[in-house]
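Chemist: Predicted structure and sequence below. I'll ask about it afterward.
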Amino acid sequence: MNSFDSNPATNSLISSEADSQRTLYPYVTGTSVVGIKYKDGILLAADMGGSYGSTLRYKSVERLKPVGKHSLIGASGEISDFQEIMRYLDDLILSDNMWDDGNSLGPKEVHNYLTRVMYNRRNKFNPLWNSLVLGGVKNGQKYLGTVSMIGVHYEDNHVATGFGNHLARPLLRDEWRENLTFEEGVILLEKCMRVLLYRDRSAVNKLQVLFSLCGIHNS
Amino acid sequence: MFRNQYDTDVTTWSPAGRLFQVEYAMEAVKQGSAAIGLRSKSHVVLACVNKSNSELSSHQKKIFKVDDHIGVAISGLTADGRVLSRYMRNECINYFYSYESQLPVGRLVVQLADKAQVCTQRSWKRPYGVGLLVGGLDESGAHLYYNCPSGNYFEYQAFAIGSRSQAAKTYLERKFETFMESSRENLIKDALFALRETLQGEKLTSSTCTIAVVGVGEAFHILDQETVQALINEFEIAGEEAPADEAAAPDQADDSESSATAADQVTPSDPDVAPMDM
């Protein structure tokens, strides 16, 4: 961090020379992620598109990934920043595993860690341009939360990013209930993704769905 | 132990493979007043003898709350203990800030042990002269650890450190198998009995001891004097099984030697074997 302050290019928050070193606008972006809790755990869905402005350029981008033994993460926004976040998380999980002591970071801990990272970057005017969904199950407890690029974070029974907030969440508010079965959950998510495909210009018709089960480790 | 030509620096090995400065630091722990810890599946109890410089002064603080789920009892150089407690509190707070979840005790003791080890390998430092009984709760249950100036740490079902701790250890050795399933009350009772052993005849009252408890659904806290006195009265009046038949009878005039000579505590050991490999 010291090198940042002695370098005149970076010691002013809004100096123009530093502009090349911080994210001003995103380039390759993913669109909505939708997540719900169901009876046995968490379901996340996102399409596999990476847009380059208004061009639907990349069609096999995995925007949902498992994290450690207990969690799943989904990201919308700048794909390269998501890849950076995955690197941070890989380091985090590695250090956690190296303790080799039977303790492990659960979804709540990962969510909080990400919140701190996102907020910290926002404070430096160099955000990771993503909205993240973080869900998982640990010791039978289901957890589903979201973090935005400015560090706003909350948990809920169903969350979404981007357009998903406007198009999917109203559907979920009406139709989500406690203890959905896996099949019911998938059907509900599919309904949300269909509406997003109809109405979101940056949606593509190829989906990725991840689920996290009680008692099952991601392997 | 006697002075020898290898004991000036912590960074000097003896030909027998011992670091005398570290061993001397462990002696300092033995000189401190007794501290005892025991644990069950769901609770940990820490107890210690209150030592004060004179009748006019207050007693030294030997039990520190580190977080809601962790507490520590120390024996030895209390100043070192206070500084290490501050470090532990800091670590717990920082972990909670990043992860909104409690630092697992097992990880805290490793960090503490690593910190102690550094002092055994720097020529400009000295080992911490304090032994810590760290009691805490995490996802895997209740744990009691002992951290030593050498940088070693061990997990215990029950343990005692400080002067006259051997008497407490003997009591604990007899009863430790029952601790895992013990109730909270019985665990505290056992801690008081064990503490009484170290007093060798001095009267056990709430002013001569401090008790602290942490358990599932119960944050770490030090029991207040009235509660402790009530517990002491309870087991003395109820005439519970004498903890040890060979225990010093209350009226035995015991000119307890000043804790300066801990000769009775040191089990005869082979002078060539490093005692830190316990």
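Modeler: Nice, I can see it.
Chemist: For B:I188, which non-adjacent residue is closest in space?
Modeler: B:V45 (5.4 Å; CB to CB, 6 or more residues apart in numbering or on different chains). In short, each C-beta sits where N, CA and C put it, glycine included.
Chemist: I'd guessed the one you found sits against B:I211; true?
Modeler: Yes. Between B:V45 and B:I211 there is a contact under CB atoms under 8 Å: 6.7 Å.
Chemist: okay, and the common contacts of the two?
Modeler: By CB atoms under 8 Å, 6 or more residues apart in numbering or on different chains, B:V45 and B:I211 have these common neighbours: B:I188, B:A191.
Chemist: Settle it for me: which of the two has more neighbours?
Modeler: B:V45 (32 against 24; other CB atoms under 10 Å in any protein chain shown).
Chemist: what's the first-to-last distance across stretch B:68-80?
Modeler: 22 Å (CA to CA, to the nearest Å).
Chemist: re the thing from before, just the element for the residue nearest to B:I188, please.
Modeler: Remark: B:V45 resides in strand B:43-49, with elements defined by DSSP states H and E.
Chemist: List the pairing partners of that strand within its sheet, with orientation.
Modeler: Taking DSSP bridges as the criterion, strand B:43-49 forms sheet pairs with strand B:35-39 (antiparallel), strand B:209-215 (antiparallel).
Chemist: Pull the residues that contact the last one.
Modeler: With CB under 8 Å, 6+ apart as the contact definition, strand B:209-215 has outside contacts at B:42-50, B:62-63, B:65, B:69-71, B:73, B:135-137, B:142, B:184, B:188, B:191-192, B:195, B:220-223, B:228, B:231.
Chemist: tell me the mean pLDDT over that strand?
Modeler: Per-residue pLDDT values across strand B:209-215 average out to 96.
Chemist: okay, that strand in CSV with CA atoms only?
Modeler: Below are the C-alpha coordinates for strand B:209-215, written out as CSV (Å, rounded to 0.1, in the frame of the first residue of the first chain):
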residue,chain,number,x,y,z
CYS,B,209,-10.1,-17.3,44.2
THR,B,210,-11.6,-16.3,40.9
ILE,B,211,-13.7,-18.5,38.7
ALA,B,212,-14.8,-18.0,35.1
VAL,B,213,-17.1,-20.1,32.9
VAL,B,214,-17.9,-20.3,29.2
GLY,B,215,-20.3,-22.7,27.6
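Chemist: Get me the contact residues on chain A for chain B.
Modeler: Proximity of chain A to chain B (CB under 8 Å from any CB of the partner chain) is limited to residues A:W99, A:D101, A:G102, A:N103, A:L105, A:G106, A:K108, A:E109, A:N112, A:Y113, A:R116, A:N139.
Chemist: Give me the buried entries from those residues.
Modeler: Taking 16 or more other CB atoms under 10 Å in any protein chain shown as the criterion, what is buried in the residues of chain A next to chain B is A:N103, A:L105, A:G106, A:K108, A:E109, A:N112, A:Y113, A:R116.
Chemist: Check whether the fourth one sits in a helix, strand or coil.
Modeler: Just to be clear, that refers to A:K108. helix (DSSP: H, G, I helix; E, B strand; the rest coil).
Chemist: Now name the helix or strand holding the closest residue to it other than its chain neighbours.
Modeler: Leaving aside its chain neighbours, A:K108 sits nearest to A:Y143 (5.2 Å; criterion: CB to CB, 6+ apart). Element membership for A:Y143, per DSSP H and E: strand A:141-147.
Chemist: I'd like the mean pLDDT over the biggest helix by length in chain A, please.
Modeler: Using DSSP state H, we find that the single longest helix of chain A is helix A:79-98. For helix A:79-98, mean pLDDT rounds to 97.
Chemist: cool, and stretch A:130-142?
Modeler: On average, stretch A:130-142 scores 96.
Chemist: what does chain B have sitting close to chain A?
Modeler: B:Y97, B:S98, B:Y99, B:E100, B:S101, B:P104, B:G106, B:R107, B:V110, B:D138, B:E139, B:S140.
Chemist: got those residues as JSON lines, with distance to A:G77 and pLDDT columns?
Modeler: As requested, the residues of chain B next to chain A are exported to JSON lines (distance: CB to CB, whole Å; pLDDT from 0 to 100):
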{"residue": "B:Y97", "distance to A:G77": "25", "pLDDT": "97"}
{"residue": "B:S98", "distance to A:G77": "23", "pLDDT": "97"}
{"residue": "B:Y99", "distance to A:G77": "24", "pLDDT": "97"}
{"residue": "B:E100", "distance to A:G77": "23", "pLDDT": "96"}
{"residue": "B:S101", "distance to A:G77": "26", "pLDDT": "95"}
{"residue": "B:P104", "distance to A:G77": "33", "pLDDT": "97"}
{"residue": "B:G106", "distance to A:G77": "37", "pLDDT": "95"}
{"residue": "B:R107", "distance to A:G77": "33", "pLDDT": "96"}
{"residue": "B:V110", "distance to A:G77": "37", "pLDDT": "96"}
{"residue": "B:D138", "distance to A:G77": "35", "pLDDT": "90"}
{"residue": "B:E139", "distance to A:G77": "33", "pLDDT": "89"}
{"residue": "B:S140", "distance to A:G77": "38", "pLDDT": "88"}
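Chemist: Out of those residues, list just those in strands.
Modeler: B:D138 (DSSP state E).
Chemist: how about the residues of chain B next to chain A in a markdown table, adding distance to A:K65?
Modeler: Formatted as a markdown table, the residues of chain B next to chain A follow (distance: CB to CB, whole Å):
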| residue | distance to A:K65 |
| --- | --- |
| B:Y97 | 25 |
| B:S98 | 21 |
| B:Y99 | 20 |
| B:E100 | 22 |
| B:S101 | 22 |
| B:P104 | 25 |
| B:G106 | 28 |
| B:R107 | 26 |
| B:V110 | 29 |
| B:D138 | 28 |
| B:E139 | 25 |
| B:S140 | 28 |
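Chemist: What are the boundaries of the strands in the stretch 51-200 of chain B?
Modeler: Counting by DSSP state E, counting those that start in this stretch, one finds strands in the stretch 51-200 of chain B at the ranges B:63-67, B:70-76, B:130-138, B:141-147, B:153-155, B:158-161.
Chemist: quick one: contacts for B:D224?
Modeler: No contacts exist for B:D224 under CB under 8 Å, 6+ apart.
Chemist: Chain A: helices as residue ranges?
Modeler: Using DSSP H, helices in chain A cover A:2-6, A:79-98, A:107-123, A:163-175, A:182-199.
Chemist: just those: most buried one?
Modeler: Neighbour counts (mean count of other CB atoms under 10 Å in any protein chain shown) averaged over each of these peak at helix A:107-123, with a mean of 21.
Chemist: Give me the angle between that helix and strand A:141-147.
Modeler: Counting by axes from the mean of the first three to the mean of the last three CA atoms, to 10 degrees, helix A:107-123 lies at 10 degrees to strand A:141-147.
Chemist: List just the nearest of the residues of chain A next to chain B to A:W176.
Modeler: Looking at the residues of chain A next to chain B and their distance to A:W176, the nearest is A:K108, at 20.7 Å (CB to CB).
Chemist: center of chain A - which residue?
Modeler: Nearest to the geometric centre of chain A sits A:L132, at 2.4 Å (CA atoms, centre = their mean).
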